[in-house]
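> Generate coordinates for the sequence data below:
(2 chains)
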Amino acid sequence: MTTFNTSNQNTDPYASVRETTEGRVYSVTGGDWDDLVTEIGATQEERVVVNMGPQHPSTHGVLRLILELEGETVTEVRCGIGYLHTGIEKNIEYRSWTQGVTFVTRMDYLAPFFNEAAYCLAVEKLLGITDQIPERASIIRVMLMEFNRISSHLVALGTGALELGALSPMIFAFRERELILNVYEMITGLRMNSAYIRPGGVAMDLPEDAIPKLREIVKELRTNLKDTEKLLVGNTIWMKRTVGVAYLDLPGCISLGVTGPVLRSTGLPWDLRKTQPYCGYENYDFDVVTADSCDVYGRFLIRIYEMEQSLRIIEQALDKLKPGPVMVADKKIAWPAQLALSGDGLGNSLDHIREIMGSSMESLIHHFKLVTEGFRVPAGQAYATVESPRGELGAQVISDGGTKPYRVHFRDPSFNNLQSTSAMCEGSLIADVVAAVASIDPVMGGVDR
Amino acid sequence: MSDIVKSTPKVADHGAFGVSGTGDTSGYGGLVRKSSQIGSSERPFGSYFDEVVDDLERAYPSFSDAIEKVIVDRGELTLHVKSSRLSEVALILRDELKFEMCMGVSGAHYPAETGRELHALYPLLSLTRNQRIRLEVSVPDSNPHIPSLVEIWASNNWQERETFDMFGIIFDGHPALTRIMMPDDWPGHPQRKDYPLGGIPVEYKGATVPPPNERRSYR
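Next up is the predicted model:
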């Protein structure tokens, strides 16, 4: 067997050859491929194993693909994951329920609001306060999640196109994503990992001038998103790379637990926003986008048209927004003060500080306990799901009745969907592997957690 | 029985300041809040749960032998299944009751539940019925074997590897039960409660902050 290995430390770090018990190993990190091809052509071996990644520009992150090739045909694919494992699920067990939000938001870093929402929905289920979440908080959650869906799909489309050699779509996609990151910054103060959705509602209300600004951004996005669409939809070169590639039909998706755009590309309109609504999605008017081609092109079209539906939802959310609280009324759960964003970028409430320091000892104790210890969550377990841009994102949360989560597990759609790489790629050409992985759109932060 | 834990002693939890008990300084530390013990639920379960349990009883004659407990809590149905019967129950749930999808498996470690320390949780989804249920299996730490469901739901392949990696539950019949997140030669199973979080002390402006699992904390 002949093996490529991208990490080797021989005399020449860029092109070394060594004999192992597994066969001859070539290390390639760049340089002249012609020499290598000539040399491999001279060997008697027919089977070649290529390590693609984990540091590779077209594996969508630190994903390692172990490919067995015969010529240019892939006979076997295995994924090596775990390169971005950071022990988030373990760390949460040592922090309070509220602090948990700041951890889960870092899992799938392209869809932070979905992680926060899934976690908070599960904690709220455990607390039994699902019905008490103020309407305004739910609407803000929906709005942010839909903005997030667009920004995540834009990265999927932009980098997916880039990996297949189309550079311009990425420039447009990232231009639009920038607008959405500005939205996050305006509302939450941060462009990613904002920990804005909290158990019981959201951290703070929208800034005063937010609604007209948001309407303007929606209008701008509606015009601009057409650019990405026009570049790729119906484009002959793009279609040659994507139509009929990485085929996975409905039985395949179901047995492999695949959800999201990949499942909808088989024609099944399974979208948790419609089938099992949460956060009041039943009150919005939108369509579930499907395709019937089961291929990369179908998944690409779904992402393009889902962005339009998200804009529709955001507009309805803006119409629905009425003044009101954004956190549950229960003072044992809600943060003691409605903090306002002050000049230093931190939340502050001078009124509240004046009250607790000057007049109310009880408030002071209450504040202290809530901030240092956190609230208690009754013992039990809950599983809450949201439709993330990549499919079903589930949060399995267990409480032992204490102030910290006993166990939090995220069923991340990237993790599950990535398993289908082998089913999509085996027997295809090596170039189609890149298209297949791009169409799954795995985010390694979510895969490895 | 798996009563979802009465304040489990956490082996890894040691206060840096020698705090024992709750560490509560408010004067209310004597108040003990007992967590409610979740026992088997009684009929009617409400929602679609009666229907699911009825269907399963009809399709699976040895229901009463295989299902240890039926729990309805917070709008979710959990069936506690004997680990020896898991494959049978899973197959019937998939083929007869149309729970086509298994959304994976996750583990939980309850060191205080002697003989049932390790739990595996399987959230199931039926596209046909648009319903969800959960299977729960518990095994002793000394013999952590659960039959693999990869043959029934192929999606459980990586999920079982992850649960093995994190909890040391051995899924018998899995095609290649190897570590998936941690390096192949990693010792121990990180998500277990007796596995310390670790970390290094951080020095900041002359003071030293201990690693998270050694900090003073409220329990």
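> Nearest to the spatial middle of chain B, which residue is it?
The centroid of chain B falls nearest to B:A108 when counting by CA atoms, centre = their mean (3.2 Å).
> That residue looks like it's in a strand, true?
Yes: secondary structure assignment (DSSP: H, G, I helix; E, B strand; the rest coil) places B:A108 inside a strand.
> which residues does it bridge with?
According to DSSP bridges, the partner residues bridging B:A108 are B:H119.
> Where does the nearest residue to A:C279 once chain neighbours are set aside sit: helix, strand or coil?
Leaving aside its sequence neighbours, A:C279 sits nearest to A:S138 (CB to CB, 6 or more residues apart in numbering or on different chains; 4.7 Å). Backbone N, C-alpha and C define where each C-beta goes, glycine included. Taking three-state DSSP as the rule, one finds A:S138 in the helix state.
> Who are the contact partners of A:E355?
When contacts are counted by CB atoms under 8 Å, 6 or more residues apart in numbering or on different chains, A:E355 touches A:S363.
> just for chain B, where's the confidence low?
Across chain B, the ranges flagged by pLDDT under 70 are B:1-39, B:216-219.
> again, only this time at 90
Within chain B, the ranges that satisfy pLDDT under 90 run B:1-75, B:85, B:96-97, B:104, B:111-117, B:129, B:176, B:182-188, B:193-219.
> And the residue of it that's closest to chain A?
B:S155 (2.7 Å; CB to the nearest CB).
> My reading is that A:V371 is in a helix; is that accurate?
Yes: under three-state DSSP, A:V371 falls within a helix.
> what's around it, how many residues?
12 (other CB atoms under 10 Å in any protein chain shown).
> swap in B:P201?
In terms of burial, B:P201 registers 11 neighbours under the definition other CB under 10 Å.
> which residues touch it?
Residues counted as contacts of B:P201 (CB under 8 Å, 6+ apart) are B:208-211.
> Using a markdown table, lay out those residues together with distance to A:R222 and secondary structure.
A markdown table is the format used below for these (distance: CB to CB, whole Å; DSSP: H, G, I helix; E, B strand; the rest coil):
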| residue | distance to A:R222 | secondary structure |
| --- | --- | --- |
| B:T208 | 54 | strand |
| B:V209 | 49 | strand |
| B:P210 | 52 | coil |
| B:P211 | 50 | coil |
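> which among the residues you listed end up buried?
Using 16 or more other CB atoms under 10 Å in any protein chain shown as the burial test, the contacts of B:P201 include B:P210 as buried.
> Please list which of the contacts of B:P201 also come close to chain A.
On the criterion CB under 8 Å from any CB of the partner chain, none of the entries of the contacts of B:P201 sits beside chain A.
> do you know how far the residue nearest to A:C279 is from A:Y247?
Plainly put, A:S138 is 39 Å away from A:Y247 if you go by CB to CB, to the nearest Å.
> Between the two, point out the one with more neighbours.
In this comparison of A:S138 against A:Y247, neighbours counted by other CB under 10 Å, the higher total goes to A:S138 at 21 against 17.
> Touching, that one and A:E282? I think so.
No: with contact defined as CB atoms under 8 Å, A:S138 does not count as touching A:E282 (11.3 Å).
> Quick check: neighbours shared by the two?
Taking CB under 8 Å, 6+ apart as the criterion, A:S138 and A:E282 do not both touch any residue.
> ok now do the closest residue to the residue of chain B closest to chain A other than its chain neighbours, which residues does it touch?
Once flanking residues are discounted, B:S155 sits nearest to A:G257: 2.7 Å by CB to CB, 6+ apart. A:G257 makes contact with A:416, A:419, B:101-104, B:153-156 under the criterion CB under 8 Å, 6+ apart.
> and which of those is nearest A:V262?
A:N416 (10.1 Å; CB to CB).
> Check which helix or strand the closest one maps to.
Taking DSSP states H and E as the definition, one finds A:N416 inside helix A:413-418.
> For that helix, enumerate the helices and strands it packs against.
Judged by 3 or more CB pairs under 8 Å, 6 or more residues apart in numbering or on different chains; DSSP states H and E, helix A:413-418 is in contact with strand A:391-399, helix A:430-440, helix A:444-448, helix B:156-167.
> Reformat the ones you listed into CSV and put mean neighbour count and distance to A:I333 next to each item.
Below are the helices and strands packed on helix A:413-418 laid out as CSV (neighbours: other CB atoms under 10 Å in any protein chain shown; distance: least, CB to CB, whole Å):
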stretch, mean neighbour count, distance to A:I333
strand A:391-399, 27, 14
helix A:430-440, 24, 38
helix A:444-448, 25, 28
helix B:156-167, 25, 30
